[in-house]
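J.: Have a look; sequence and predicted model below, questions after that.
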Amino acid sequence: MKKDLRIGLLFAMPWILGFLIFLAYPVLASLYYSFTNFSILREPSYVGIDNYAELTSDTVFHQALINTLIYAVGAVPLSTVVAIGLAMLLNSKVKGMSYYRTIFFLPSLVPMVALGTLFLWIFNGDYGLLNEGIRAAGLEPPNWLGDPAWSKSTLMLISMWGCGQAMVIYLAGLQNVPVSLYEAADLDGAKLGRKIWNVTLPMLSPVILFNVVMGIIGALQVFAVPYVMFPGGAPARSTYFIASYLFDNAFQYQRMGYASAVGWVMFIITLLLTMLALKISDRHVHYETE
Amino acid sequence: MNWTSVGITGLAATLVIGAIVTGERVITRQDRTDRVTVIYWEKWTGSEGEEMRKVVDAFNASQDRIFVKYLSISGIDSKTRLAIAGGNPPDVAGIWGDQVVQFADAKALTDLTELSKVKGLDESYYIPAYWDGYVYKDKVWAMPSTPAAIALHARPDLLPPEAATPEKFPKTFEELDALVEKISVQGPNGSLKLAGFLPSNPGWWNWAWGYYFGGQLLTGDKVTIDTPENLRAFRWIAKYTKKFGSKEVQSFQGGFGNFASPQDPFMSGKVAAEQNGVWKANYINVYKPGLDWFAVPMPYPADRPDLKGRSNLSQDVLCIPRGAKNVKEAFEFISFVQKQEVMEGLCSAHGKNSPLAKVSEKFFDTHPNKYIRLFDQLARSPGAFNIPKVGVFPQISNEMNVAFQEVNSEQKTPERALADAQKRADIIWSTYQKQVLEK
């Protein structure tokens, strides 16, 4: 038994070492650095809770935090509804369904930077594909990229592009819903809407909870697409998110200690929101084993 | 499972970890065992990178003691910082001139004062305003690779005859405003079709507008954003938003293509005049060959003729990071780049003016920018100015960008936007003084 454990540990050692060196150590180090003045190029000097105290009066941090929360509030429900809708469509019995599933999943494989560049063209105010369509419909299109009132909405819409991952998980969840429940609903005379509300969504609720929690974590870390599409959080910091602020402090302003504090505050906020989601889920998530 | 396979697995794991730890050092050093290898990181890619590669090749061929290994690196500033912190920096790094102070404050650079003195690379060798960009706290921290100056570019085909030549083009902001009023075209619904000029295009030097109205961002030891001169500049900017309409300007600019493409607003004829750098000619030659254009100095306020000929300068520089292995050899290469014929060749290929005090007639005669003499004059003018020498310039520039965008989108009045920017800048500057300058 001891020998098996030793051999097992030896085989797991590359992963364990990788975890300790590249994940556990940086995480703990960043906690320490968050209490220091650290510019990478100099030895860190201990400053107590100064960095955290500064965050309380940092108006740019507040703005970035509000932007991030607004984005999460918009993007997570939107992506959830779209992903569930697509999963339901792709759960129907239609010829060639495996091709459709692949097609709808493919966009989520596009790298974030390529995605940002692609959407710069699609959302271009003058000759963008989207505004061409809106104009063709006889409407006055907004300036998606240049108007502070629209810039966050633009990013929320773009977030739907990557909902393929969640869609696949919803699809797997849908296929696990017992057919007998739908048959029972049919016998009771339930229409499609009622069946979705009373059968599909309750049975899918654990999957929804998982995806929503992952969505919240992802939305709070949004970085690559706004970094490519809206340099500096333009216009007027309307797309400046916490991850952008963390990056700027760490790599542009050489304030690694302050950036670490931003990261830890963000971690606590993410943790609290996740706990809140789990708490709320107590009443709304139905587990088959219950 | 036997001990042989366990041993092999363990050995493989050790090799992987060993490669991770030592690989970078093993791979990047000593390409040529017969010469000292100087690692040179440069931010340029494409044709600009290739022109620098030619200079490196020429240096490598000019002697048999040093071999410069040239690597084009994206995100050079952050990667250089991390490499310095990791104790394995390049010997030469091609950073932006506006980062010299920040790097010097962080003690990330090697002091080049003595080395440059020995090679005769002193104040007299360079145009004074450019030299000023290499010196901080009485020490030399960098040497130029290519510099630039800014001027107003205009398209005669979009101008009325009375303004269609450099001589006749408006000299003051008031005259420019009147011209813009006259030639700009808006559709029946207010949508802009042609803008005579837009302060927000290309939007790369929002920090500098106040300087054209007599202001500055650093006065002594204080960051001075909300001064009357800077406020005057931002009121002038706000006038343009009011004139055309905030939404109309935003919508119009939303359709501007990339500056390195035929969809660039100047090349595609959406704006008749724009502020831009000496390199603009290179892009025009590539993306819109044959386009008729001219360059003139930026305007000045009618009541401030003393501000005539102002131009904000920028430059790419070469520095030796702290901890570089081959400092003397690295400076050998840097001083090779400073040779007049090498510098002129590089600057000409990049479409830039020369930073050197002495410039050959051949440089002017063969330069791809037909207005190169103007840019040279602007750089030598007493009105030429660099970015303020303050380590928090990136943050201050960001604050100025935000203030500009807030005014341009009518979210805030110029007074409010600058007051907010000043408040933020004061906090940033005092934190920097405390934490970095240890004041």
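T.: On my side now, so go ahead.
J.: rest of the way, CA atoms for contacts and neighbours
T.: Noted.
J.: residues contacting the residue of the stretch 151-300 of chain B found nearest chain A?
T.: Across the stretch 151-300 of chain B, the shortest distance to chain A (C-alpha to the nearest C-alpha) belongs to B:G255, at 4.0 Å. B:G255 makes contact with A:124-127, according to C-alpha atoms under 8 Å, 6 or more residues apart in numbering or on different chains.
J.: Just among those, which is most surrounded?
T.: Counting neighbours by other C-alpha atoms under 10 Å in any protein chain shown, the top entry in the contacts of B:G255 is A:G125, with 26 neighbours.
J.: Which secondary structure element is home to B:Q250?
T.: If you go by DSSP states H and E, B:Q250 is part of helix B:246-254.
J.: Now do that helix: distance to the chain's middle.
T.: 26 Å (C-alpha atoms, centre = their mean, to the nearest Å).
J.: likewise stretch A:270-283?
T.: 16 Å.
J.: Please list the outside residues in contact with that stretch.
T.: A:209, A:213, A:216-217, A:220.
J.: again, only this time at 10 Å
T.: For stretch A:270-283, contacts defined as C-alpha atoms under 10 Å, 6 or more residues apart in numbering or on different chains pick out A:205-206, A:208-210, A:212-214, A:216-221, A:264-269, A:284-285.
J.: What backbone torsions are found at the residue of the stretch 151-300 of chain B closest to chain A?
T.: phi -90, psi 0 (degrees, to the nearest 10).
J.: what's the closest non-adjacent residue to it?
T.: A:D126 (4.0 Å; C-alpha to C-alpha, 6 or more residues apart in numbering or on different chains).
J.: Tell me which of the contacts of stretch A:270-283 fall in helices.
T.: Counting by DSSP state H, the contacts of stretch A:270-283 place A:205-206, A:208-210, A:212-214, A:216-220, A:264-269, A:284 in helices.
J.: Report the buried members of the contacts of stretch A:270-283.
T.: Among these, those classed as buried by 16 or more other C-alpha atoms under 10 Å in any protein chain shown are A:205-206, A:208-209, A:212-213, A:216-217, A:219-221, A:264-266, A:285.
J.: any idea which of these is the one closest to B:D111?
T.: A:W264 (36.9 Å; C-alpha to C-alpha).
J.: got a list of what that closest one touches?
T.: Contacts of A:W264 by C-alpha under 10 Å, 6+ apart are A:27, A:30-31, A:34, A:52, A:258, A:270.
J.: Just the buried ones from those residues?
T.: Buried among those (16+ other C-alpha under 10 Å): A:27, A:30-31, A:34, A:52, A:258, A:270.
J.: Redo these as TSV? Include pLDDT, distance to B:Q315 and secondary structure.
T.: Below are those laid out as TSV (pLDDT from 0 to 100; distance: C-alpha to C-alpha, whole Å; DSSP: H, G, I helix; E, B strand; the rest coil):
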residue	pLDDT	distance to B:Q315	secondary structure
A:V27	96	38	helix
A:S30	96	35	helix
A:L31	97	38	helix
A:S34	97	35	coil
A:Y52	97	37	helix
A:Y258	96	30	helix
A:T270	95	42	helix
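J.: My guess is A:A243 contacts A:A259. True?
T.: Yes. Shown here, A:A243 and A:A259 form a contact pair, counting by C-alpha atoms under 10 Å, at 9.4 Å.
J.: Settle it for me: which of the two has more neighbours?
T.: A:A259 (26 against 22).
J.: Skipping its backbone neighbours, what lies nearest the more buried one in space?
T.: A:L246 (4.9 Å).
J.: That neighbour - how many residues pack around it?
T.: A:L246 has 23 nearby residues by other C-alpha under 10 Å.
J.: Could you check how far A:G8 is from A:I16?
T.: The gap separating A:G8 from A:I16 is 11 Å, by C-alpha to C-alpha, to the nearest Å.
J.: now do B:L346
T.: 51 Å.
J.: So for these two, which sits in the more crowded spot?
T.: B:L346 (22 against 14).
J.: What helix or strand is that one located in?
T.: helix B:340-350.
J.: ok so the residue nearest to B:G255 is a strand residue?
T.: No. Counting by DSSP: H, G, I helix; E, B strand; the rest coil, A:D126 falls outside a strand, being coil.
J.: and stretch B:195-213, is it in reach of chain A?
T.: No. Stretch B:195-213 stays clear of chain A (C-alpha under 10 Å from any C-alpha of the partner chain), getting no nearer than 11.4 Å.
J.: Could the C-alpha coordinates of that stretch be exported in CSV?
T.: Extracted in CSV, the C-alpha atoms of stretch B:195-213 (Å, rounded to 0.1, in the frame of the first residue of the first chain):
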residue,chain,number,x,y,z
ALA,B,195,-14.5,67.6,-41.2
GLY,B,196,-12.1,70.4,-41.8
PHE,B,197,-10.2,69.4,-38.7
LEU,B,198,-11.0,67.4,-35.5
PRO,B,199,-9.0,67.7,-32.3
SER,B,200,-9.9,64.1,-31.5
ASN,B,201,-8.2,62.8,-34.7
PRO,B,202,-5.9,60.8,-34.4
GLY,B,203,-6.2,61.4,-30.6
TRP,B,204,-2.6,60.2,-29.8
TRP,B,205,-1.4,63.4,-28.1
ASN,B,206,-4.4,64.5,-26.0
TRP,B,207,-1.9,65.4,-23.2
ALA,B,208,-0.2,67.9,-25.4
TRP,B,209,-3.0,70.3,-26.4
GLY,B,210,-2.4,72.6,-23.5
TYR,B,211,1.2,73.2,-24.6
TYR,B,212,-0.1,74.7,-27.9
PHE,B,213,-1.9,77.3,-25.7
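J.: Would you mark the buried spots in it?
T.: Buried, per 16+ other C-alpha under 10 Å, within stretch B:195-213: B:195-202, B:205-213.
J.: and that stretch, how far from the chain's centre?
T.: With C-alpha atoms, centre = their mean, you get 15 Å for stretch B:195-213.
J.: repeat for stretch B:276-286
T.: 14 Å.
J.: Same question for stretch A:145-160.
T.: 15 Å.
J.: Okay, and the beta partners of the residue minimising distance to the centre of chain B?
T.: The centroid of chain B falls nearest to B:S314 when counting by C-alpha atoms, centre = their mean (4.4 Å). Beta bridges link B:S314 to B:A148 when assigned by DSSP bridges.
J.: Do I have it right that it meets B:F385?
T.: Yes. Using C-alpha under 10 Å, B:S314 is in contact with B:F385, at 8.9 Å.
J.: overlap in contacts of the two?
T.: B:130, B:133, B:149, B:379.
J.: Now do the same contact list for the residue of the stretch 101-250 of chain A found nearest chain B.
T.: Going by C-alpha to the nearest C-alpha, chain B is nearest to A:D126 of the stretch 101-250 of chain A, at 4.0 Å. Residues counted as contacts of A:D126 (C-alpha under 10 Å, 6+ apart) are A:132, A:141-143, B:251-257.
J.: how close does it get to A:T117?
T.: For A:D126, the distance to A:T117 - C-alpha to C-alpha - is 16 Å.
J.: ditto for A:I216
T.: Relative to A:T117, and taking C-alpha to C-alpha, A:I216 is found at 24 Å.
J.: do the lengthiest helix in chain A and chain B meet?
T.: Of all segments of type helix in chain A, defined using DSSP H, the longest is helix A:59-89. Yes. Judged by C-alpha under 10 Å from any C-alpha, helix A:59-89 comes into contact with chain B at A:59-60.
J.: list the helices and strands that helix packs on?
T.: helix A:50-57, helix A:97-105, helix A:148-159, helix A:164-175, helix A:201-220, helix A:242-247, helix A:256-284, helix B:414-435 (3 or more C-alpha pairs under 10 Å, 6 or more residues apart in numbering or on different chains; DSSP states H and E).
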